[in-house]
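>>> task: produce atomic coordinates for the following.
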Amino acid sequence: MKRIGKLLVPLLLIGACAGRGRAVVVASSTTNVSVHDNAPPAAREEVVVYRPGFVWVSGRWDRDGGRWIWKDGYHERERAGYVYIEGRWQPSDRGYVWIDGGWRKREGIAMRERRFRF
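I've put the predicted structure just below:
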């Protein structure tokens, strides 16, 4: 039940507040939810340099007051037994919602190896 409360409370706060303003941000120890009326711009191209033992976390658009700002991507050290899932902007009936990315246990996640032919 505690787990449901952690997810449900921020969503209820968004529903209660979203109609009263242009943007809503709800933060707790496990959730950071941001809702905006307009879509973020297209993602910028980034040059990624391979670093053994690290994963690349892509850059993203974020809001600073009333304008979109770009946050550059960065390398983060790999974690054994985990896979990094990228965050994303998700359209919803209230606007665009940021879904945090993060590390998830590898179990139950299928990984495919890509092979390139030249």
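>>> for this structure, where's the lowest mean pLDDT among helices and strands?
strand 23-27 (a mean of 41; mean pLDDT, DSSP states H and E).
>>> and the nearest residue to residue 39 once chain neighbours are set aside, how many residues sit next to it?
Distances taken as Cβ to Cβ, 6 or more residues apart in numbering put residue 96 closest to residue 39, at 5.5 Å, once the chain neighbours are dropped. (C-beta placed from N, C-alpha, C; glycine too.) With neighbours defined by other Cβ atoms under 10 Å, the count for residue 96 comes to 19.
>>> hang on, residue 96 packs against residue 60?
No - between residue 96 and residue 60 there is no contact under Cβ atoms under 8 Å: 12.0 Å.
>>> which neighbours do those two have in common?
40, 89 (Cβ atoms under 8 Å, 6 or more residues apart in numbering).
>>> low-confidence ranges in the chain?
Within the chain, the segments meeting pLDDT under 70 span 1-34, 108-118.
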